[in-house]
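> Mind looking at a prediction? Sequence and model below.
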Amino acid sequence: MIYVVAIIGILAAMALVMIRLVKGPTLYDRVLAVNSFGTHTVLLIGVVGFWNGRPDFLDIALLYALINFVGTIAVLKFFRYRAIGDVMWTPDQKEEES
Amino acid sequence: MRAITYTVLLAALWLLWSGIYKPLLVSFGAGSVLLVLLITHRMNRVDGDRLDISLNPIRFIGYFLWLLKEIAVSNMNVTRVILAGTMPIKQNLFRIPHTQKSDLGQVIFANSITLTPGTVTVETEENEFLVHALSYSEDDLHSLADMDRRVSATEMKSNL
Amino acid sequence: MQDILNILSYVFLVSGTFFVVVGAIGTVRFPDFWARLHAASVTESGGVILILAGLCLQAGWTLVTVKLIIIGLFLFITGPTSTHAIANAALVSGLRPDTIVKNPTSDKVN
């Protein structure tokens, strides 16, 4: 029962984040929304697993967390190399950053 | 020596994560541990980059508990800002010096700043971090300096 | 004893959900990117810790708890790292806060 409350709350939060994802206005708002959406998904998978009495779902949650992190970094790195606005670092230092 | 530590850590992680102890699956686990050891061995030959954990474990646990308390307090503050009718936002970008000697200490300090909602580390430099605050006040400088002292205190003295 | 743990885990789950929803509301309500960054970090710290702690209490002393703790530690490290990466990329691209306080410490930034 308590899981249903948590699931509804997380789904509502995902819907709200989706609004921000569509509205933008900048690229970074969207990346932030996607990253946040991924964190919500990890929590949702975990709670749904407990709700169904199948905590094995946690394996999928961890995998999703890994992909979410790597994906966010990959998208940011891609757009940074395309140099939007002023680039203040050389590629060498960029490697250390990410 | 390092290889033995890795083997024990990886095997423990695999056994805890799997939970099914049939001979076939355990042999898969042993195989993947060996594969990871082989890959890290090759990577070590390419660059000798190592992570030295020079932290005082007891102090670090104390710091961790203190950090959880800080996260709770600043979560409440940001929640109040979000739910207030007219959002009292007072953004600021400012620089905060850090005194950690090791890279790991600096990473812990920077991540702690970001983990507490209301402040985000935007840029890392030689002696300073560039921090963005949601509702800035003079107290932020003092509380971040306090956090800086606490992170430095968790570092091993022998390393200095 | 079991009842106390159950009630405690319900409190954690409900308050965690509350922080997740508040973070999402902030993501929609806040006026510019730099403020939204902080709203998202409410979800990432408070929401994640409380919901995972609530699930840990439900699971008890089993391997499931170990998995939850590993997921929690992973999110604890990667959450701020990706937030920092997004903020840093935005700073590099020249995005600046709309309503910045003018003070001596911020003049070096602009």
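Looks like it came in fine.
> only C-alpha atoms for contact and neighbour calcs from this point on.
Noted.
> got the buried residues for stretch C:79-94?
When burial is assessed from 16 or more other C-alpha atoms under 10 Å in any protein chain shown, stretch C:79-94 yields the following buried residues: C:79-93.
> cool, and stretch B:101-109?
Neighbour count says stretch B:101-109 has B:102, B:104-106, B:108-109 buried, by 16+ other C-alpha under 10 Å.
> Stretch A:62-78 now?
Applying 16+ other C-alpha under 10 Å to stretch A:62-78 flags A:62, A:64-66, A:68-69, A:71-73, A:76-77 as buried.
> nearest to residue C:53, of the buried residues of stretch B:101-109?
residue B:108 (22.0 Å; C-alpha to C-alpha).
> my read: that closest one touches residue B:154, true?
No: if you go by C-alpha atoms under 8 Å, residue B:108 and residue B:154 don't touch, sitting 10.3 Å apart.
> and chain B, which of the buried residues of stretch C:79-94 reach it?
C:79-81, C:83-84, C:87-88, C:91 (C-alpha under 8 Å from any C-alpha of the partner chain).
> what helix or strand is residue B:95 on?
Taking DSSP states H and E as the criterion, residue B:95 maps to strand B:92-97.
> Quick check: buried residues in that strand?
By 16+ other C-alpha under 10 Å, the buried positions in strand B:92-97 come out as B:92-96.
> Show me what the helix ranked longest in chain C is packed against.
Among the segments of chain C that qualify as a helix by DSSP state H, the longest is helix C:63-92. For helix C:63-92, the elements it packs on are helix A:27-51, helix A:57-81, helix B:2-18, helix B:103-115, strand B:119-124, helix C:33-42, helix C:48-59, judged by 3 or more C-alpha pairs under 8 Å, 6 or more residues apart in numbering or on different chains; DSSP states H and E.
> how far does that helix sit from the chain's center?
9 Å (C-alpha atoms, centre = their mean, to the nearest Å).
> what angle sits between that helix and helix B:103-115?
Helix C:63-92 runs at 90 degrees relative to helix B:103-115, counting by axes from the mean of the first three to the mean of the last three C-alpha atoms, to 10 degrees.
> farthest-separated two in the buried residues of strand B:92-97?
B:92 and B:96 (12.3 Å).
> ok now do the most centrally placed residue in chain C, which residues does it touch?
By C-alpha atoms, centre = their mean, chain C has its centre lying nearest to residue C:44, at 1.9 Å. Listed by C-alpha atoms under 8 Å, 6 or more residues apart in numbering or on different chains, the contact set of residue C:44 reads A:36, A:39, C:75, C:79.
> if I pick residue C:13, what's in contact with it?
Contacts of residue C:13 (C-alpha under 8 Å, 6+ apart): A:2, A:6, C:50-51, C:53-55.
> how does it look with 10 Å?
Contact analysis of residue C:13 by C-alpha atoms under 10 Å, 6 or more residues apart in numbering or on different chains lists A:2-3, A:5-6, A:47, C:7, C:19, C:47-55.
> Keep only those of those that are also close to chain B.
Contacts with chain B within the contacts of residue C:13, as defined by C-alpha under 10 Å from any C-alpha of the partner chain: C:19, C:47, C:49.
> ok, the first one - how many residues close by?
Just to be clear, that refers to residue C:19. 28 (other C-alpha atoms under 10 Å in any protein chain shown).
> which element is it on?
Element membership of residue C:19, judged by DSSP H and E, is helix C:2-29.
> buried ones in that helix?
Neighbour counts over helix C:2-29 (16+ other C-alpha under 10 Å) mark C:9-29 as buried.
> what residues are up against the residue nearest to the spatial centre of chain A?
Nearest to the geometric centre of chain A sits residue A:35, at 2.2 Å (C-alpha atoms, centre = their mean). Contacts for residue A:35 (C-alpha under 10 Å, 6+ apart) come out as A:17, A:29, A:41, A:65, A:68-69, A:71-73, C:40, C:44, C:79, C:82-83, C:86.
> and whichever residue of chain A sits closest to chain B, what pLDDT?
Nearest to chain B in chain A, going by C-alpha to the nearest C-alpha, is residue A:59, at a distance of 8.5 Å. We have a pLDDT of 87 for residue A:59.
> what residues are up against the residue nearest to it when sequence neighbours are not counted?
Leaving aside its sequence neighbours, residue A:59 sits nearest to residue C:67 (C-alpha to C-alpha, 6 or more residues apart in numbering or on different chains; 7.9 Å). Contacts of residue C:67 were listed using C-alpha under 10 Å, 6+ apart, and they are A:55-56, A:58-59, A:61-62, B:13, B:16-18, C:56, C:73.
> Can you tell me which of those has the most neighbours?
residue A:61 leads those on contacts (other C-alpha under 10 Å) with 24 neighbours.
> Neighbour-wise, which one of the contacts of residue C:44 leads?
Sorting the contacts of residue C:44 by how many neighbours each has (other C-alpha under 10 Å) puts residue A:36 first, at 28 neighbours.
> Nearest spatial neighbour of it, chain-adjacent residues omitted?
In space, not counting the residues next to it along the chain, residue A:36 is nearest to residue C:40; the distance is 6.4 Å by C-alpha to C-alpha, 6+ apart.
> hey, what's in contact with both of residue B:108 and residue B:154?
Residues touching both residue B:108 and residue B:154 by C-alpha under 10 Å, 6+ apart: residue B:100.
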